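Asks: Pasting the sequence and the predicted model now:
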Amino acid sequence: MPITTVVAMEKLVKSWRMSITRDKTEDEITADFKKEASLLIGAQTNEVAFVPSTTFGINMFAGAVRWKKGDEIVICDVEYPANVFPWALAASLGGAKLVTVKSKDGIVDEKDIEKAITDKTRLVTLSHVQFGTGQKMQVDRVAEACEKHDAMLFLDSIQALGSMKFNVKRKNVAGMCAGGYKWMLGPVGSGILYISKDTATQMKPQCVSWTALDAEQRKEAWQKVVLGGDQSERRISLGKDISVFEAANECMVPEKGLTESVKFLRSLGLGNIEGRIHALNDHLLEQLDSKGFDVVTPRSRSRRAGITAFCGKKKFDSMDDEVQMLKELDNVKVAIRQGVFRTGVHFFNCKEDIDKAVSKLSKICQKRGLI
């Protein structure tokens, strides 16, 4: 995390040592978050909400869609579990059906997604950047196919936001969620949920706080808290935007932290960050090639972001083998996902970091006969 993020969170915690009541400061934190989050993705402030994780945000969206029996949800077979099970639950409860698009060697062909979209398709859920291969999906192409069939497009953008420029309005995205602790450099327990204004008006949240009420009923409820009155209200009148998905008394510390991290990224320029990441990954690809690794991630800059996946002569097929490999790698930050190595390069890395990591990894793989 940027030092400005750490300092901002620490300052906020210290200021609350004597009070935990909601005050103007907390309202300002939320307003500041909405401003920065909306500027990051090209949305309006009343279309973004703070959430504690990608999983939480996806569940909020999936649970609020008014599913009808026979609706179809198009999903790929290489999605991270957070972008699978909320839709599976929603489908089972709402009478919808999951339609799975098969990948080939871990790579998803957008043509296959387009073929899967029909007039029965209610929603397509897609990772903006695939967690296993690092494949950057052609969002505009899928969005166009969705529009033709009046289907919604939802993006799991945790592996994308913070590493590239992106505008939800130009891509016709209905909803999107991204945890803040990866490429946005925010704290764990933070994230951004986006729901377009048009989409939000058609949804029915399955869980609400009293702050989700429209202004008039919220005022009435609070007046009864202060002055007393019958709170056994049968009527419920919700707000008309994303506020219906927001929690009362959000955890302000990670919200403040993510806000500061997004400010920091925007000050550097997302275009500059994207360019720096591409340049570093170009160098990484050269190093991997020179050591005899097979690169899984698409090589075209338009098809990749910060993640690079690669492997040796064979993929990992044992959890015990994975544990032993990570133990040998020690301080080299490489993960094993979908049977192959996965690494991520951000703007703050340098060529020397890459050279050291590839050198150590290649030596270990040579001893194991992997390259």
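Replies: Ah, there it is.
Asks: Sheet partners, orientation included, of the longest strand along the chain?
Replies: Secondary structure assigned by DSSP state E gives strand 121-127 as the longest strand of the chain. Paired strands of strand 121-127, with direction, are strand 72-76 (parallel), strand 152-156 (parallel) (DSSP bridges).
Asks: which residues of the chain fall in strands?
Replies: 48-50, 72-76, 97-101, 121-127, 152-156, 175-179, 191-195, 294-295, 307-311, 335-337, 340-344.
Asks: Strand partners (parallel or antiparallel) of the shortest one?
Replies: Going back to what we said before, that points to strand 294-295. By DSSP bridges, strand 294-295 pairs with strand 307-311 (antiparallel).
Asks: So for the strand it pairs with, mean pLDDT?
Replies: Averaging pLDDT along strand 307-311 yields 95.
Asks: thinking again about what came up before, list the neighbours of the longest strand of the chain that are in contact with it.
Replies: Strand 121-127 is contacted from outside by 58, 65, 67-68, 71-76, 78-80, 83, 87, 96, 99, 113, 117, 137, 139, 142, 145-146, 149, 151-157, 159, 174, using C-beta atoms under 8 Å, 6 or more residues apart in numbering. Bear in mind the C-beta positions are built from the backbone N, C-alpha and C, glycine included.
Asks: and it with strand 175-179, angle?
Replies: Going by axes from the mean of the first three to the mean of the last three C-alpha atoms, to 10 degrees, strand 121-127 is angled at 30 degrees with respect to strand 175-179.
Asks: wouldn't residue 156 be in contact with residue 173 here?
Replies: No - with contacts counted by C-beta atoms under 8 Å, residue 156 stays clear of residue 173, the gap being 11.4 Å.
Asks: From the contacts of strand 121-127, list the buried ones, please.
Replies: Using 16 or more other C-beta atoms under 10 Å as the burial test, the contacts of strand 121-127 include 58, 65, 67, 71-76, 78-80, 83, 87, 96, 99, 113, 117, 137, 139, 142, 145-146, 151-157, 159, 174 as buried.
Asks: At which residues are the helices of this protein located?
Replies: 3-15, 24-41, 54-64, 85-94, 110-116, 139-148, 197-200, 215-227, 252-268, 270-291, 319-329, 351-367 (DSSP state H).
Asks: mind giving me CSV with those and columns for mean pLDDT and distance to residue 47?
Replies: Below are the helices of the chain laid out as CSV (pLDDT from 0 to 100; distance: least, C-beta to C-beta, whole Å):
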stretch, mean pLDDT, distance to residue 47
helix 3-15, 92, 24
helix 24-41, 91, 7
helix 54-64, 95, 12
helix 85-94, 94, 20
helix 110-116, 97, 25
helix 139-148, 95, 16
helix 197-200, 92, 6
helix 215-227, 84, 18
helix 252-268, 96, 15
helix 270-291, 97, 19
helix 319-329, 83, 40
helix 351-367, 92, 37
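Asks: out of those, deepest packed?
Replies: The highest mean neighbour count among the helices of the chain, using mean count of other C-beta atoms under 10 Å, belongs to helix 54-64: a mean of 24.
Asks: Tell me what angle that helix forms with strand 152-156.
Replies: Using the same axes, to 10 degrees: helix 54-64 against strand 152-156 is 160 degrees.
Asks: Other residues contacting helix 54-64?
Replies: Contacts of helix 54-64 (C-beta under 8 Å, 6+ apart): 49, 51, 82-83, 86-87, 89-90, 125, 154, 156, 158, 175, 177-179, 191-193, 195, 203-207, 245.
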